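[1] Have a look at this fold, sequence not included:
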Ligand SMILES: O=C(O)CCc1c2[nH]c(c1CC(=O)O)Cc1[nH]c(c(CC(=O)O)c1CCC(=O)O)Cc1[nH]c(c(CC(=O)O)c1CCC(=O)O)Cc1[nH]c(c(CCC(=O)O)c1CC(=O)O)C2
């Protein structure tokens, strides 16, 4: 089986000869080469220069030998394209100059026309499609997580302003979610048309909601997005942090892959979502700072559980920390491939 096939086979729950692996934030600050590029350009500038953005995206594919590339971008890039002033402050995160707090603020978020509003992103994808030997994953933030930045004005611990809007002004909340959902659908589709072969929706902070509130305030929007993208010929991955209690609801969404963090085991995640999804995850990224023996033991555990059923993609439970060494991820990638191909062969489950 070719290196370029494994990731998409696993997304579709088809048997593979070794477990595919990629890492959230696989291009970024932990790489000396990225830090060097950042001396010259800001994150936003990298995303605006297709050659540089493609180079940054390609770097971990060449360096680590992962089975998929993820477009180098940020969840806030399309928000900027919607006309909202966004700045990304180093070591802090996205900052919104005029947060969305009332109905009239929604005018700041116009409908996106990707070919006009995000031409550099689409051009980057077209370059990557020509240069990559593995599939390219496009991505977008999901409405709750995007709304949390838009309403809070920046990163938050408790999402108090976001939840206040949700609970106290449901009409405004629904209008905001609707507008973001339209963007997600249009943007995901444009990325696939430009050459992305899968799309991951980052709902990083949705685990801050109870299952009842997720059901009431977020699920209808996610259902509309998943249905709106059901004709996309590219697997849809839905990821969030701390979502163990939400998985029984995610079961009702027509996505292909569910991304989980380290707070739930793979067998338990499979119990909760059922057998019609592939699973992606879920090494605690903090473990990458531990001695290799610890990393290997945990990776083995995850692979043994993941390989129990077809449809498993090795990843972290969240993004790579800037403190991680490149060599650690190189060694881990090699380990995932060799250990899983040996085990799949021994157990007769190899494609
Ligand atoms: O804590 C917060 O709320 C702010 C987080 C933050 C965001 N952009 C940011 C920061 C500052 C920072 O990472 O230090 C700013 C940001 N985005 C990114 C980087 C590069 C890096 O982490 O070293 C950085 C650091 C900026 C820098 O270079 O100085 C790039 C980025 N954003 C994102 C991705 C997609 C991915 O993870 O694979 C990627 C990487 C794509 C790739 O590997 O090619 C998506 C993103 N941006 C963001 C979020 C929200 C949640 C989170 O960060 O964990 C998410 C989704 C997620 O990771 O769960 C918001």
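    Cool, got the structure. Since the model is a prediction, treat every value here as computed from it, not as a measurement.

[2] Please make it C-alpha for all contacts and neighbour counts, starting now.
    Fine.

[3] can you give me the helices for the stretch 101-250 of the chain?
    114-117, 119-131, 143-152, 160-168, 170-194, 211-217, 219-228, 247-250 (DSSP state H, counting those that start in this stretch).

[4] right, is the fifth one up against the ligand?
    Same thing as helix 170-194. No: Helix 170-194 stays clear of the ligand (CA under 6 Å from any ligand atom), getting no nearer than 14.0 Å.

[5] could you check the angle helix 119-131 makes with that helix?
    40 degrees (axes from the mean of the first three to the mean of the last three CA atoms, to 10 degrees).

[6] Could you check how far helix 170-194 is from the centre of its chain?
    Averaged C-alpha coordinates place helix 170-194 at 16 Å from its chain's average position (CA atoms, centre = their mean, to the nearest Å).

[7] how about it: buried residues?
    Under the neighbour-count criterion of 16 or more other CA atoms under 10 Å, helix 170-194 has 172-174, 176-194 buried.

[8] Mean pLDDT for the helices of the stretch 101-250 of the chain - can I get that in JSON lines?
    Converted to JSON lines, the helices of the stretch 101-250 of the chain look like this (pLDDT from 0 to 100):
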{"stretch": "helix 114-117", "mean pLDDT": "97"}
{"stretch": "helix 119-131", "mean pLDDT": "98"}
{"stretch": "helix 143-152", "mean pLDDT": "98"}
{"stretch": "helix 160-168", "mean pLDDT": "98"}
{"stretch": "helix 170-194", "mean pLDDT": "98"}
{"stretch": "helix 211-217", "mean pLDDT": "98"}
{"stretch": "helix 219-228", "mean pLDDT": "98"}
{"stretch": "helix 247-250", "mean pLDDT": "98"}
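
[9] Out of those, which is closest to residue 46?
    For the helices of the stretch 101-250 of the chain, proximity to residue 46 was assessed by CA to CA; helix 119-131 is nearest, at 10.1 Å.

[10] now for that closest one, which elements pack on it?
    Judged by 3 or more CA pairs under 8 Å, 6 or more residues apart in numbering; DSSP states H and E, the packing partners of helix 119-131 are helix 43-48, helix 50-64, helix 170-194.

[11] want to try CSV for those, with distance to residue 234 as columns?
    Formatted as CSV, those follow (distance: least, CA to CA, whole Å):
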stretch, distance to residue 234
helix 43-48, 23
helix 50-64, 19
helix 170-194, 7
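
[12] and the stretch 101-250 of the chain, which residues reach the ligand?
    Neighbours of the ligand within the stretch 101-250 of the chain, by CA under 6 Å from any ligand atom: 155, 202, 204.

[13] run the last query once more with 5 Å
    Within the stretch 101-250 of the chain, the positions lying close to the ligand (CA under 5 Å from any ligand atom) are 155, 204.

[14] ok and the residue in the stretch 101-250 of the chain nearest the ligand?
    Closest residue of the stretch 101-250 of the chain to the ligand, CA to the nearest ligand atom: residue 155 (3.9 Å).

[15] what sits against that residue?
    92-95, 148-149 (CA atoms under 8 Å, 6 or more residues apart in numbering).

[16] Let me see the backbone angles for the residue of the stretch 251-351 of the chain found nearest the ligand.
    Nearest residue of the stretch 251-351 of the chain to the ligand, counting by CA to the nearest ligand atom: residue 319, 5.3 Å away. With angles defined as degrees, to the nearest 10, residue 319 sits at phi -70, psi 160.

[17] Run through the strands of the stretch 251-351 of the chain in chain order.
    Along the stretch 251-351 of the chain, counting by DSSP state E, counting those that start in this stretch, strands occupy 257-259, 278-283, 312-316.

[18] picking up where we left off before, could you report the neighbour count for the residue of the stretch 251-351 of the chain closest to the ligand?
    Per other CA atoms under 10 Å, the neighbour tally for residue 319 reads 16.

[19] In this structure it contacts residue 22, no?
    No: the pair formed by residue 319 and residue 22 falls short of the contact definition of CA atoms under 8 Å, at 10.7 Å.

[20] Next one: the nearest residue to residue 232 once chain neighbours are set aside from residue 305, what distance?
    Distances taken as CA to CA, 6 or more residues apart in numbering place residue 189 nearest to residue 232, at 7.1 Å, with adjacent residues excluded. Distance of residue 189 to residue 305, given as CA to CA, to the nearest Å: 33 Å.

[21] Not counting its own residues, what contacts stretch 130-145?
    Identification of contacts with stretch 130-145 by CA under 8 Å, 6+ apart yields 3-5, 7-8, 58, 67-71, 75-76, 128-129, 177, 180-181, 184, 187-188, 191-192, 195-206, 218, 221.

[22] Good, we can wrap up now.
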